[in-house]
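**Q** Got a sequence here, can you model it:
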Amino acid sequence: MVQDVTENNVRMSIPVAHPVIPDPAPLKALAPAAVEQVRTWLHEARNHPTNFSARQLAGVLKDPDGLDFTVGFVDRVVRPEDPAIAAEALRDLAPRTPGFLPWPMRAAMGAGGRLAPAVPQLAVPAARKVLRELVSHLIVDATEDRLGPAIRKLKTPGTRLNINLLGEAILGRGEAAKRMAGIRTLIERDDVDYVSVKVSAATAPHSPWAFEEAVTEVTESLLPLYELAASQAGTPAGSTFINLDMEEYHDLDMTLAVFMRLMDTPQLRTLEAGIVLQAYLPDALDAMIRLQEWSARRVADGGAPIKVRVVKGANLPMEHVQASLTGWPAATCASKQDTDTNYKRVLNYALTEERTRSVRIGVAGHNLFDIALAWLMVRDRGLSTEQVGGRRPDVEFEMLLGMATGQAEAV
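**A** Modelled structure (predicted):
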């Protein structure tokens, strides 16, 4: 383990002995049972019909050009404010419309591509509507008149919605304040009980040489949101759960420092909150150990436990961009197998009865073999996946809305 110490804004690393980590041998013994569990889930999933949007999303991932087309459409047609610029991009993309789309959508894209340069004010909105049909199960409109009905439609017994306010990268204080106001509006809603926020949404880009200054600034910006959540305790809707999300590697230390500083604030002592760890970062286990040791002290002193959501990682392209710009090796694991191994390593450490008393775990992902392995670990180690009385479950399983819907129902 490496313990970070800050002195005069210079980051130093002091080696610290690892605590005892569970032997990985029992995981290997569970592998055959995990495979059988996946077979069972897949068999049961046949009884749960896949909805239209999920089929389209699967088509995006299967088609060789599907992902490039979708990302290009979002970046070049949806984002530009000038319809003329979006129209030119639409004309370029239309001939590459993936074949998995139903013929009405393909026809609309083809017609839009031909007509866009001549009538951008008509063609571009029509093309954008086609994309909204494709991702309507993943992204909902956050406006007052549309968010409420969408939440009511999506909520089902036994599930919680983690709402993440999307938007462009924060480039200035004005945009940061606007994003914070949007998240505050979500927290104030009675029908929202779980939101995610990133440290990058709370501040403009900061200097890596001013670590303590950035941590202080982000903490002060986020503190009112957490205080608002804490003030909801005792209300019928209860406190909104705030999840501090993780982005690129260069924000790892700052995200950890901000989270722990927030939770050490006296008025947030009894507030439950969460943070995300990305297993494609080799530092994930050290970060988990650091959070576990800190949270154990917090709980022993009468504070509330925290939650850590363990994911594989979702910012790999940006990590590669950063590496190419600096000439450094990418900060992530070298291979998919290394990432999968690290994911299991983190869960093997965290999923014990003693550790989940202070750090609840969110097992997030769509690899059914990983989910099955975690499921069996939970069963064999006597952990709970259901709320008992006023106590949250030890472990929660999480998937992106609309991903593997049949399998999610089976699980």
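**Q** same question for stretch 85-104, mean pLDDT?
**A** In this model, stretch 85-104 has an average pLDDT of 82.
**Q** end-to-end on it?
**A** For stretch 85-104, the separation between the terminal residues is 25 Å (CA to CA, to the nearest Å).
**Q** and it, how far from the chain's centre?
**A** Distance of stretch 85-104 from the chain centroid (CA atoms, centre = their mean, to the nearest Å) equals 29 Å.
**Q** Which parts of the stretch 251-400 of the chain are helices?
**A** Here the stretch 251-400 of the chain has its helices, by DSSP state H, counting those that start in this stretch, at 252-263, 284-300, 316-326, 336-350, 353-356, 368-380.
**Q** got the buried residues for stretch 318-333?
**A** For stretch 318-333, the neighbour count (16 or more other CB atoms under 10 Å) marks 319, 322, 331-333 as buried. Placement of C-beta: from N, CA and C, glycine included.
**Q** Between all of those, which two are separated the most?
**A** Farthest pair in those (CB to CB) is 322 and 333. Separation: 15.2 Å.
**Q** sec struct for the residue lying farthest from the centre of the chain, please.
**A** In the chain, the greatest distance from the average C-alpha position (CA atoms, centre = their mean) is reached by residue 118, at 40.2 Å. Classification of residue 118 using DSSP: H, G, I helix; E, B strand; the rest coil returns coil.
**Q** Distance of it relative to residue 125?
**A** To residue 125, residue 118 is 15 Å away according to CB to CB, to the nearest Å.
**Q** any idea how far residue 219 is from residue 277?
**A** 19 Å.
**Q** if we can go back for a sec, for the helices of the stretch 251-400 of the chain, which one sits closest to residue 68?
**A** Comparison of the helices of the stretch 251-400 of the chain against residue 68 by CB to CB identifies helix 316-326 as nearest, at 12.0 Å.
**Q** the inter-axis angle of the closest one versus helix 336-350?
**A** Between the axis of helix 316-326 and that of helix 336-350 there is an angle of 110 degrees, by axes from the mean of the first three to the mean of the last three CA atoms, to 10 degrees.
**Q** How far away from the center of its chain is helix 316-326?
**A** The answer for helix 316-326 is 20 Å, by CA atoms, centre = their mean.
**Q** Dump that helix to CSV, restricted to CA.
**A** What follows is helix 316-326, C-alpha atoms only, in CSV (Å, rounded to 0.1, in the frame of the first residue of the first chain):
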residue,chain,number,x,y,z
LEU,A,316,-10.4,4.3,-21.3
PRO,A,317,-10.4,6.4,-24.5
MET,A,318,-9.5,9.5,-22.4
GLU,A,319,-6.8,7.6,-20.6
HIS,A,320,-5.3,6.7,-23.9
VAL,A,321,-5.5,10.3,-25.1
GLN,A,322,-3.8,11.5,-22.0
ALA,A,323,-1.1,9.0,-22.4
SER,A,324,-0.5,9.9,-26.0
LEU,A,325,-0.3,13.6,-25.2
THR,A,326,2.2,13.2,-22.4
